[in-house]
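**Q** quick one, what's the 3D model for this:
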Amino acid sequence: MRAGVIAKIYGSLNGLTTTQFDDDENSVLEVRRFAGTASGNRVVVGAAARERQRTDTGYSIRGTEIEEVSDEGTVTEFTEFLAVPDEFVMVGSGDGTFAFDLIGEVGGADIERTSIDLDSYFGSVESADAWKVGFSEHEGQTDNGVLYGADILGDDEFGEVVDRASLNQLGVTYETQSDETVKLNITESGYVNVYSPDFDSLEFADFVTSSVAPFVELG
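**A** This next block holds a predicted model:
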């Protein structure tokens, strides 16, 4: 897992075991792995699924007439998750945020959605090159937009535009002290996607704990 939507977690998740949990016979939480990372973080890796009823509306031809018809069925939603107790929990995408409530209920923890302070995050990364910048609330004729390029925030023209707006997404590349190239996309709404290095789940957990979690904000 190298991408997901982050939330803040308050609790040790001691209620989680390797057993599958069934909630009202339509939600299942499966813990697949407990592990420790190289940085000493305790990590829980698993998956969640739930079934819900959905009604699809379509049309059918009956003789010479067009008739609206409804079809009811069951849809199964699925997501992987990664959690560092008392730090954060991540689900695979925005569609997987249903798992936050289930993880909190079963694990005996409070989980709250967060945003990410992108200005503070970018300021913390030395020699970062912003190759994508999304902005909103710009004072002028251009209210919002997404820019692509190299060193966008240092651009003589567009850098000033972004300075007068609110950042809502960033694509950045930078070199770590160990000479690794990090390339990622991060959004104000809490989505993080690391393209490189090729982290495994435990390495990704350490990375998020040290590089992203300090900049999450409730709300």
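**Q** could you export stretch 153-167 as PDB, CA atoms only?
**A** Extracted C-alpha coordinates of stretch 153-167, given in PDB (Å, rounded to 0.1, in the frame of the first residue of the first chain):
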ATOM      1  CA  LEU A 153       6.200  27.800  -6.900                       C
ATOM      2  CA  GLY A 154       9.400  29.400  -8.000                       C
ATOM      3  CA  ASP A 155       8.000  30.600 -11.300                       C
ATOM      4  CA  ASP A 156       8.200  34.400 -11.700                       C
ATOM      5  CA  GLU A 157       4.700  34.600 -13.100                       C
ATOM      6  CA  PHE A 158       2.600  31.700 -11.800                       C
ATOM      7  CA  GLY A 159       4.400  31.500  -8.400                       C
ATOM      8  CA  GLU A 160       2.800  34.900  -7.500                       C
ATOM      9  CA  VAL A 161      -0.600  33.600  -8.600                       C
ATOM     10  CA  VAL A 162      -0.300  30.600  -6.200                       C
ATOM     11  CA  ASP A 163       1.000  32.900  -3.400                       C
ATOM     12  CA  ARG A 164      -2.400  34.700  -3.500                       C
ATOM     13  CA  ALA A 165      -4.400  31.500  -3.400                       C
ATOM     14  CA  SER A 166      -5.000  28.500  -1.200                       C
ATOM     15  CA  LEU A 167      -3.200  25.300  -2.100                       C
END
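**Q** leaving out chain neighbours, which residue sits closest to Asp151?
**A** Asp129 (5.4 Å; CB to CB, 6 or more residues apart in numbering). From N, CA and C alone the C-beta is placed, and that goes for glycine too.
**Q** test my guess that that neighbour contacts Val172.
**A** Yes. Counting by CB atoms under 8 Å, Asp129 touches Val172, with 6.6 Å between them.
**Q** those two: who's more crowded?
**A** Neighbour count, other CB atoms under 10 Å: between Asp129 and Val172, Val172 has more, with 21 against 17.
**Q** helix or strand for that one, which one?
**A** Taking DSSP states H and E as the definition, one finds Val172 inside strand 166-175.
**Q** so which bits of that strand are buried?
**A** Using 16 or more other CB atoms under 10 Å as the burial criterion, the residues of strand 166-175 that qualify are Leu167, Asn168, Gln169, Leu170, Gly171, Val172, Thr173, Tyr174.
**Q** quick check: closest non-adjacent residue to the last one.
**A** Taking CB to CB, 6+ apart as the measure, Tyr174 lies nearest to Ala128, with 4.2 Å between them; neighbours along the chain are not counted.
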